[in-house]
Structures are given as structure tokens and as C-alpha cells.
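**Q** Mind folding the following:
(chains A and B)
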Amino acid sequence: MTDGARLRVEGISLYFGGLAALDDVSFSMGGGICGLIGPNGAGKTTLLNVVSGVLPPSRGRILIDERPTSELPPHRLAALGVARTFQNVRLFGELSVLDNVRLGYHLHQHSTLLETVLRLPRARREERESATAALALLDRLGLAHLALAEASALAYGDQRRVEIARALALEPRLLLLDEPAAGLNAAETEQLGDFLGVLRAQGLTLLLVEHDMALIMRVCDHIVVLNFGRKIAEGPPDAVRQDRRVIDAYLGEEESA
Amino acid sequence: MLEFLLDHISTVDFILLNVALGLSIYLTLAVGLLSLANAGFLAIGAYTAAILTTQAGWPPLAGLVPALLCAALVAAPLGLLVLRLQGVYLAIATIGFGEIVRIVALNGDKLLRLLSGDERLTIFRGAEGITLPYRSPLLILGLPETTWLLLLYALALAYLLATLQRSRYGRLMTAIRLDGLAASTLGVDAVRYRLLAFVLGAAIAAGAGALSTPVVRVIDPGQYGFGRAVDILAYAVLGGMTTWVGPIVGATVLTALPEVLRPLKEQREVVNGLLLMLSIIYLPRGLADPRFWGSWRRWPTTLRERLTGAPATEPVPVPPRRGPG
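**A** Alright, predicted model coming up:
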């Protein structure tokens, strides 16, 4: 499909008033699946927002394929191949599932307003193509039977999968997923893990924020651990699992006499 | 039929004019902008066409293209300036724009006299307004050309919006209205499309203004004030903002009703207000709400459920199930 993007996070800090939501976070990834974990309020979603251009950092740089992107707005990042999902699913509720996914193909459609209004061949062809491609994508995620349903009428787990389909429609090189397994049952989480493996095999770079440790340990090549906005550990799953600081962060530090 | 239309030709003209205005505000509402600038752009279009007629001797309907251009030229920089605002703040800023247009039209001659040094210059004619000479309109198939042009204009706009709504641009506009941030992460430049909708809406209103001049004949600043801006918004509110059909229905009902209710004399405007209130309470998605009409078979039940407060045509929202942690 595509070659995964290289992501470098360099000394990112983000202050809300006097509060440091992110404090000098650095790491880099050249492909595969990177897990971003940490207790609630550690700054995981904030970091995802910075990488996807939703929040500009107070300090530091984001480089995607060595190109600094922290000054760019989200729609420019999307054009560079960065797609994301949201922790609290943000589908366009009034639109059909199919139209939600077709919106992801927006950047691949080039027909102008005039061509669209006059229904010229290119506009019509692109409309057909986006519908076909979106349907194929929904089929891959086992959602094709819901294509014409209104997005807001879907069950929560299905909405999450539609959001992933919509992000994949951009044909991204870097995909940021914010708690994709939240609200999924064990079987659905299992399927999600398999699907993430398929995406990695196709060369997509994934940054995954997740609370489901079993899923993280299963799919990630590399894990970054945040606590109170700071990176406290990083490494392969097995090393992170045994890291004293990580265990302390999750279980609370033992009182030392 | 023709007889009836000819007897009420000015009502027909005004319905068509207001349909165009309703569609102009629909474009901005469709991208989530509450803009009340359209009365101002209507004035710009009307004055552009009227001045070209009185000063340059243009035929009254030839002002259409200059009116569209003028409005677009004003709307583009204005949009860049005010579209950072949202909700009521944008509404207030655009009301301000409407007032500026009205005051410029009122005092335009003073300004021009000051600039040109010619004390007898009269172009805008202040509060009295520009009066166009009456010309008996050319009849085509029994209807005046002015009516035909307004009809063509309204049909062209309906086609434009219907095509847009079913296209990629329609999806973009809905996405921007529902969740601008989510749209932008899909590569949609929300600012650009909001500006596009604003400029297009402005041009549509100005075009309607230009085509209205032979029908209105007296172009004075009083017609294009705050009241007119609210009237235009009312068309979209009554008819509904979910599809392009809404403003058409709203404009038709609100324009025709006072004529139908002529026997009620002064009280007839009250009916419009009452209708608007009832529609907002019982049909918040407008008279042309497709879900409401789609459920007409179930009317007896839906009506009962509406009256008891349980919206039957709304899908039951899925409660977000949050997983553990």
C-alpha cells in the first residue's frame, strides 16, 4: 500500500496556563506500531493532538519524514498523510456511514465546484470512485451492511470501526488511534488487534493510545510511557512491562520509610 | 390559471425573490454560519443595478452580473475578517455590516459630493431612494419578462443547491457544520469552504437584488435594514435548514400568507409570527423536514408523540458505552 512515515517528536512541551500537559517529550519511530500508554491525565491524547496539528505545542518540534510539521493546521497534516481517530468518536452523525467514509477521500477528489455543479465527467467519475472505494473499505472492516445507515444510529463499537475506516480512506502513512478498543468487547478487541497487524504488514505506521494492556502488549513493537506529561520509560513491550517506574506509575509508588 | 397569476403577479414576483434570498442564507447555514449579512448584499445588488440603470442607462436586468461581482468583491474581504467569529458573535458582526450598507446608501451622496466636489451630485438619493422609471414589461407566454427572470433565477439556484447537496461539496458542508475539527483532520480546509459559502451566498442575494429592481422600482435604504435580514432568516427557520427545499417552502409560505389573509387587515402579520413560533416548537427541523414527511404513514402516532414530547422521527441516540478504564 504505502510506506510508513517516520515520526520524530522532539522536546515537545505544552502548557495550559501554568500547567504542563506535556513536558519535554521526545521519541521517534520509523514504522510499525508504537503504543502510547500512561495513567489517566498523563498527556497521551494531548500528544496525539499535537502530532495531528490540532494543538500547537508551546515548545519543541514534530518531524514527519524529517519535515517539521508543528506549525501546520490539521488539514495540511492530513494532506501529508496523517490520519487520526478520536477518543470520543467524532463521526458526522447526520450523514450516512458511507458518506462519512467518502469524506475521507476528499483529498483524492479534485473536481472543482463548477465541474460538480455542471456534473461534468470528472466530477461524476470521482463520485463513483469514492463510493466504490468507501464501500470496499467498509467491507474490509465488516461494515458494508451498515453503509446506508445514519452514523448516529450505530452501536458504539461499530461507530469506532467506521471512524477507523474514515481515517483509512485518507490512505494515510501515519495513523493515530486514540483508544480504539474502548467500549469493544473481548472478541471485537481481538479482531481489532488482528486488523492493526494487517495494517502494519501493509507498511502503515501506527501510533496507538490505549488502556487495554493485553492489546498493547500483543500488537506494539515499541511502547512510550507517559506520566504527568513526562516520558518515564520507552522500549519494547517486555522491557516496559518490567520497568520499575512504569509499575510505580500504574500501581502508585510504595511508601518509603 | 394565467389570469390568476397575472392578477397576483407582484406576489408571485416577491415569492420568487424571497425564495432566492432564502436559498442564499441556506448556503451559509449549511456550513454552520449564522450570518445576517444577506439583506446588506441584497441592497448592494439592488443599488448596483439601479445606479447602472439611472446613471448609465443600462437596461434594468443587465445589472445582474455587475451586482454578483460587486457582492463577491465585498464579501470576500468581509468574510476573511468576520468568519473567525461563530454563533451569535457572527450574527452581531453581520448585522453591523448590514447597518453599514444601509447608512452608506443613506449618505452616499454626501460622501460622493465631498470626494468629487460636485455639490449637485445625486446618485443614491438618500432616504427617498432611487425611483426607476416604469416600463411596461415584455410579455412572454403571457407572463412579464421580469417574472420569468426571477423564476429562472430561483430554478437555477434550486438546481445548484440540489446538485451541491448530493455531491462531495454537500458532504463537506455538512461535515463542517457538524464538526469542523473532525472535518479538518480529514484534510478539509474549513476556513476556505466557509468563505466560499459566504461569498456565494452574498452573490446570490445580490443577484436577487438586481433582478428585483424592475419589480420594486423604488430602491430605498429602509427596505434593506435589520428587519429584512431577520425576514430572510425566518424563511430558513420556518422551512427548515436540513435540505435546500426548506428555505423554498419557508419563503413561499411567509410571503404568500399575508396576501391570502388580506381580510384580516393589520392582524395578518401576527399569523406569520404565530406560525413561526408553532413551527419552532413542534417542527424544530422546519416544515420541509424530510424525516417528518417520510413518516407520514405514521402520522397519527408521530403527532401524538410530538404533542406528548417524545420525538418519534428522531433516531434514539445511542448512549455511549464506555469500556473499563
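**Q** So A:Arg241 sits against A:Met217, correct?
**A** Yes. Using CB atoms under 8 Å, A:Arg241 is in contact with A:Met217, at 6.7 Å. C-beta: built from backbone N, CA, C; applies to glycine.
**Q** burial measure for the closest residue to B:Gly108 other than its chain neighbours, as a count.
**A** In space, and not counting its chain neighbours, B:Gly108 is closest to B:Phe124: 3.5 Å by CB to CB, 6 or more residues apart in numbering or on different chains. Around B:Phe124 there are 24 other residues, counting by other CB atoms under 10 Å in any protein chain shown.
**Q** And the one 5 residues further on, by the same measure?
**A** The tally of other residues near B:Gly129 (other CB under 10 Å) stands at 21.
**Q** do the same with the one 10 residues further on
**A** Under the neighbour criterion other CB under 10 Å, B:Leu139 is assigned a count of 12.
**Q** Domain parsing of chain A, as residue ranges.
**A** Domain assignment for chain A by automatic domain parsing gives A:7-90+A:157-251, A:92-153.
**Q** I'd like these laid out as CSV, including mean pLDDT.
**A** Output for those, formatted as CSV (pLDDT from 0 to 100):
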stretch, mean pLDDT
domain A:7-90+A:157-251, 93
domain A:92-153, 93
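**Q** Including mean neighbour count, could those go into JSON lines?
**A** Formatted as JSON lines, the domains of chain A follow (neighbours: other CB atoms under 10 Å in any protein chain shown):
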{"stretch": "domain A:7-90+A:157-251", "mean neighbour count": "19"}
{"stretch": "domain A:92-153", "mean neighbour count": "18"}
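**Q** Turn the ones you listed into JSON lines, including distance to chain B.
**A** What follows is the domains of chain A, written out as JSON lines (distance: least, CB to the nearest CB, whole Å):
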{"stretch": "domain A:7-90+A:157-251", "distance to chain B": "3"}
{"stretch": "domain A:92-153", "distance to chain B": "4"}
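**Q** could I get those as a markdown table with distance to B:Thr28?
**A** As requested, those are exported to a markdown table (distance: least, CB to CB, whole Å):
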| stretch | distance to B:Thr28 |
| --- | --- |
| domain A:7-90+A:157-251 | 20 |
| domain A:92-153 | 16 |
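**Q** And the ones you listed: which comes nearest B:Leu200?
**A** domain A:92-153 (8.5 Å; CB to CB).
**Q** Show me the helices in chain B, by range?
**A** Taking DSSP state H to define them, one finds helices in chain B at B:2-7, B:9-30, B:38-56, B:64-82, B:87-116, B:145-166, B:168-178, B:180-184, B:190-216, B:226-239, B:245-260, B:268-282, B:290-294, B:299-307.
**Q** Ranked by average pLDDT, which of these falls at the bottom?
**A** In terms of mean pLDDT, the lowest-scoring of the helices of chain B is helix B:299-307 (a mean of 57).
**Q** got CSV for the helices of chain B, with mean neighbour count too?
**A** Compiled in CSV, those are given as follows (neighbours: other CB under 10 Å):
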stretch, mean neighbour count
helix B:2-7, 10
helix B:9-30, 24
helix B:38-56, 25
helix B:64-82, 19
helix B:87-116, 16
helix B:145-166, 18
helix B:168-178, 23
helix B:180-184, 21
helix B:190-216, 25
helix B:226-239, 22
helix B:245-260, 21
helix B:268-282, 13
helix B:290-294, 14
helix B:299-307, 13
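**Q** So A:Leu206: helix, strand or coil?
**A** For A:Leu206, the assignment made with DSSP: H, G, I helix; E, B strand; the rest coil gives strand.
**Q** what sits against it?
**A** The contact partners of A:Leu206, taken as CB atoms under 8 Å, 6 or more residues apart in numbering or on different chains, are A:Gly32, A:Ile33, A:Cys34, A:Leu174, A:Leu175, A:Leu176, A:Leu177, A:Leu196, A:Leu199, A:Arg200.
**Q** and if you look at A:Glu10?
**A** A:Glu10 is in contact with A:Ser26, A:Gly60, A:Arg61, A:Ile62, A:Leu63, counting by CB under 8 Å, 6+ apart.
**Q** So the first one is in contact with A:Leu47, correct?
**A** Just to be clear, that refers to A:Ser26. No. Shown here, A:Ser26 and A:Leu47 do not form a contact pair, counting by CB under 8 Å, at 11.1 Å.
**Q** Have a look at chain A and report its longest helix.
**A** Scanning chain A for the helix with the most residues, using DSSP H, yields helix A:121-140.
**Q** What backbone torsions are found at the residue nearest to A:Leu47 when sequence neighbours are not counted?
**A** Counting by CB to CB, 6+ apart, A:Leu47 lies nearest to A:Leu22, which is 6.0 Å off, once chain neighbours are set aside. A:Leu22 has phi and psi values of phi -130, psi 140 when expressed as degrees, to the nearest 10.
**Q** again with A:Pro172
**A** Taking degrees, to the nearest 10 as the convention, A:Pro172 sits at phi -80, psi 170.
**Q** Tell me how far the next helix-or-strand element following the longest helix of chain A lies from the chain's centre.
**A** Going down the chain from helix A:121-140, the next helix or strand is helix A:156-169, by DSSP states H and E. Chain-centre distance of helix A:156-169: 11 Å, with CA atoms, centre = their mean, to the nearest Å.
**Q** which residues are in contact with helix A:156-169?
**A** Helix A:156-169 is contacted by residues A:83-86, A:89-91, A:97, A:100-105, A:133-134, A:137-138, A:140-143, A:146, A:151, A:154, A:175, A:177, A:180, A:182-185, A:188, A:199, B:186, B:318, B:320-321 when judged by CB under 8 Å, 6+ apart.
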